[in-house]
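> Give the three-dimensional model of this entry:
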Amino acid sequence: MVGATGFEPATSWSQTKCSSQAELRSDCEGRYYPITSVPRNDYFKRYFKPPATKSLCNGAFSGRMRDMPFSKFGLSHPVLEGVKAMGYVEPTPIQLRAIPLIMAGQDVIGSAQTGTGKTAAFALPILSQLGSHTAAPRVLVLEPTRELAAQVETAIRDFARFTDLRVAVIYGGVGYGRQHEALRSGVDVLVATPGRLLDHLQQGTCRLDHVRYLVLDEADRMLDMGFMPDVRRIVERCPRDRHTSLFSATIPPEIESLIQWAMKNPHTVEIGARRTPAETVKHVIYPVAEDQKADLLRELLERVQYNSVIVFCRTKNRADRIGNLLRKNNHAVAILHSNRTQREREQSLRGFRDGRFEVLVATDIAARGLDILKVSHVINFDVPQHPEDYVHRIGRTGRAEASGDAFTLMVAEDIQHVQAIERFIGQKIERTKLENFNYKYTALFEEGKPGQPAPHERKMRGVRLSGGYYFGPARRRKR
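A predicted model of the protein is given here:
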């Protein structure tokens, strides 16, 4: 589906402030959304106030940053008009460093926490150098998921509103008709997921011969989802004489290999600590027995005062099961994972944003980059297996310097993953118990006590008994 994303027009929260928090719903991805619908001509007059002296994403700006408005970057006049219309006043740190490099034609590797204005960092300089509309795609932005692709397409369309440039998004889960129509009519900027783009390339409905700017967004996420072979096939279809930008939270060996193959002397822009959760988020761990996880989740939702909650599960089947369980307990629940149809996914996100659903049960498809507003709590029903996913998950709350809480339910088999997370973020996560909850005993309750090894450190050995095998702590055989 092209252009029909269902997302509201967005404007900058990270660079401006509004007079009434009740009038505006905001997040830290460089957008804010009015609760009531107003005409576009009255929109900015009503909501935009004099610029704040700091960015809510990054703390107070230095004097040098305040003296560097967007007009100093050499951006084109129509793009500057788009920036002004969206309410952007001061560039965020990643924009401050990446925009001059891209304007100068340098390949860029960007690493920054979510909510730092990354999309504007690559979109503004690229749009400024495109000139007028032509028939063939000259910019290709690859995204790992349909939701991110639709979101980025909306942002770029807003930046380019005062140009004649055409922007389209193509992804799977929907029909080909409108996508074929958009490609035939000619687009300048193409935002796509790898699988559906390869389909169009194989059908001959899309060519990449004229691509001048290639952006690989959330590259490590595309690697995790198994898209890297597809990404390489797509890059091979692009001209070698091009500009390439890559954004990735981590640089594993496979991404490093892609960088060496696809990029030319790239400059690295790293903003903030990649491994550090937002300071506005309080995160704790609830040790619990495996068969009590669902009961503990329900009890937490009963006792906690929240605005909206995202519950992360490891698998799609478990997300469905937990979502249906919470519905039976009279919670308004939306479910989001890759097995849902595109229409179901859009309805879930839109309903969660609008407040019709109070709980979103999701896999890691919702962990990165999505503009989901006013999430007060994140609950990891399953501990993520990759430490960086933990940072991305809890980054869905505590945005725009609002406070947030992140709870993780830990069973005995999760302890190694939890310790890997603690090493990754460089801090110990507090263990706690819910008062007056009827816990079953688990060895996790002994964790940290003097003389008690961690559960995973206890050597286990199978012993043949009359009723089968017993697996318990190993004991030295008596002689």
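
> the helices in the stretch 301-450 of the chain, which residues?
Here the stretch 301-450 of the chain has its helices, by DSSP state H, counting those that start in this stretch, at 316-328, 342-354, 387-394, 415-425.

> and the ones you listed, which one is worst for confidence?
Mean pLDDT per stretch puts helix 387-394 lowest among these, at a mean of 82.

> which SSE is residue 121 in?
Under the criterion DSSP states H and E, the helix or strand holding residue 121 is helix 118-128.

> Could you identify the helix or strand that succeeds that helix?
Following helix 118-128 in sequence, per DSSP H and E, is strand 139-142.

> quick check: mean pLDDT across the helix holding residue 121?
94.

> tell me the most buried of the helices of the stretch 301-450 of the chain?
Mean neighbour counts were taken over the helices of the stretch 301-450 of the chain using mean count of other CB atoms under 10 Å, and the top value, a mean of 24, falls to helix 387-394. All C-beta spots, glycine's among them, are computed from the backbone N, C-alpha and C.

> can you tell me which residues contact residue 129?
For residue 129, the contact set (CB atoms under 8 Å, 6 or more residues apart in numbering) comprises 76, 103.

> Distance of it relative to residue 324?
Here the criterion is CB to CB, to the nearest Å. By it, residue 129 lies 50 Å from residue 324.

> same check, this time on residue 314
Applying CB to CB, the value for residue 314 to residue 324 is 17 Å.

> Surely residue 69 and residue 90 touch.
Yes: counting by CB atoms under 8 Å, residue 90 is a contact partner of residue 69 at 7.1 Å.

> out of the two, which sits in the busier spot?
Between residue 69 and residue 90, counting by other CB atoms under 10 Å, residue 90 is the more crowded of the two (23 against 15).

> isn't there a strand covering that one?
No: per DSSP: H, G, I helix; E, B strand; the rest coil, residue 90 lies outside any strand segment and is coil.

> if I look at it, how far off is residue 110?
Distance from residue 90 to residue 110, by CB to CB: 19 Å.

> now the helices of the stretch 301-450 of the chain as CSV including distance to residue 146?
Formatted as CSV, the helices of the stretch 301-450 of the chain follow (distance: least, CB to CB, whole Å):
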stretch, distance to residue 146
helix 316-328, 15
helix 342-354, 6
helix 387-394, 18
helix 415-425, 28
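
> for those helices, which one sits closest to residue 187?
Ranking these by proximity to residue 187 (CB to CB) places helix 342-354 first, at 20.0 Å.

> got the angle between that closest one and helix 316-328?
Taking axes from the mean of the first three to the mean of the last three CA atoms, to 10 degrees, one finds that helix 342-354 is oriented at 50 degrees with respect to helix 316-328.

> so what does helix 342-354 touch, helix or strand wise?
helix 146-159, strand 333-336 (3 or more CB pairs under 8 Å, 6 or more residues apart in numbering; DSSP states H and E).

> Out of these, the one nearest residue 394 is which?
That would be strand 333-336 among these, by CB to CB, at 17.0 Å.

> Go ahead and name everything in contact with that closest one.
So strand 333-336 is in contact with 319-320, 323, 326-327, 344-345, 347-349, 351-352, 357-363, 365-366, going by CB under 8 Å, 6+ apart.

> Apply 10 Å and report the result again.
Residues from elsewhere that reach strand 333-336, judged by CB atoms under 10 Å, 6 or more residues apart in numbering: 147, 309-311, 313, 316, 319-327, 340, 344-353, 356-363, 365-366, 370, 372.

> Export that strand to CSV, keeping only CA atoms.
In CSV, the C-alpha atoms belonging to strand 333-336 read as follows (Å, rounded to 0.1, in the frame of the first residue of the first chain):
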residue,chain,number,x,y,z
VAL,A,333,-5.7,-5.6,24.2
ALA,A,334,-4.1,-5.2,20.8
ILE,A,335,-1.8,-7.9,19.4
LEU,A,336,1.1,-7.1,17.1
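
> So for it, mean pLDDT?
92.

> That one: partners in the sheet, and parallel or antiparallel?
strand 359-362 (parallel) (DSSP bridges).

> From the chain's centre, how far out is the strand it pairs with? Work that out for me.
Using CA atoms, centre = their mean, to the nearest Å, the mean C-alpha position of strand 359-362 is found 15 Å from that of the whole chain.

> and what of stretch 155-171?
21 Å.

> which SS class is residue 190?
Following three-state DSSP, residue 190 is assigned to strand.

> Can you name every helix or strand that the stretch of helix or strand residue 229 belongs to contacts?
For residue 229, the host element (DSSP H and E) is helix 228-237. With contacts taken as 3 or more CB pairs under 10 Å, 6 or more residues apart in numbering; DSSP states H and E, helix 228-237 sits against strand 139-142, helix 194-203, strand 213-216, helix 219-224, helix 253-262.

> following it, which helix or strand shows up next?
By DSSP H and E, the next helix or strand past helix 228-237 is strand 243-247.

> what's the angle between that next one and helix 253-262?
Using the same axes, to 10 degrees: strand 243-247 against helix 253-262 is 170 degrees.

> For residue 287, give me the backbone phi and psi.
phi -70, psi 140 (degrees, to the nearest 10).

> contacting residues around it?
So residue 287 contacts 296, 408-412, 414-415, 418, 431-433, 439, 442-447, 455 (CB under 10 Å, 6+ apart).

> what's the answer for residue 258, then?
Neighbours of residue 258 in contact, by CB under 10 Å, 6+ apart: 216, 219, 222-223, 228, 231-232, 235, 244, 246, 248, 251-252.

> Of the residues you listed, grab the buried ones for ChimeraX.
To isolate the buried members of the contacts of residue 258 in ChimeraX, using 16 or more other CB atoms under 10 Å:
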select :216,219,222,223,228,231,235,244,246,248,251
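
> Columns pLDDT on top of the contacts of residue 258, output as a markdown table?
Shown next, in a markdown table, are the contacts of residue 258 (pLDDT from 0 to 100):
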| residue | pLDDT |
| --- | --- |
| 216 | 96 |
| 219 | 88 |
| 222 | 89 |
| 223 | 85 |
| 228 | 90 |
| 231 | 95 |
| 232 | 94 |
| 235 | 96 |
| 244 | 97 |
| 246 | 95 |
| 248 | 83 |
| 251 | 77 |
| 252 | 78 |
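
> Which secondary structure element is home to residue 265?
Assignment of secondary structure by DSSP H and E places residue 265 within no helix or strand.

> Tell me how the chain divides into domains.
The chain is divided into the following domains under automatic domain parsing: 21-271, 281-457.

> Kindly give the local confidence score, pLDDT, for residue 165.
On the pLDDT scale, residue 165 gets 96.

> Now it: closest residue in space that isn't a chain neighbour?
Spatial nearest neighbour of residue 165, chain neighbours left out: residue 188 (4.4 Å); criterion: CB to CB, 6 or more residues apart in numbering.

> Could you do residue 431 as well?
Residue 431 sits nearest to residue 285 (CB to CB, 6+ apart), 5.1 Å away.

> you'd agree the one you found is in a helix?
No: the assignment for residue 285, made by three-state DSSP, is strand rather than a helix.

> per-residue pLDDT, it?
93.

> The one 4 residues further on now?
Residue 289 is assigned a predicted lDDT (pLDDT) of 92.

> Surely it touches residue 413?
No: Residue 289 is beyond contact range of residue 413, at 11.3 Å (criterion: CB atoms under 10 Å).

> Residue 175: neighbouring residues, count only.
That count, for residue 175 with other CB under 10 Å as the rule, works out to 9.
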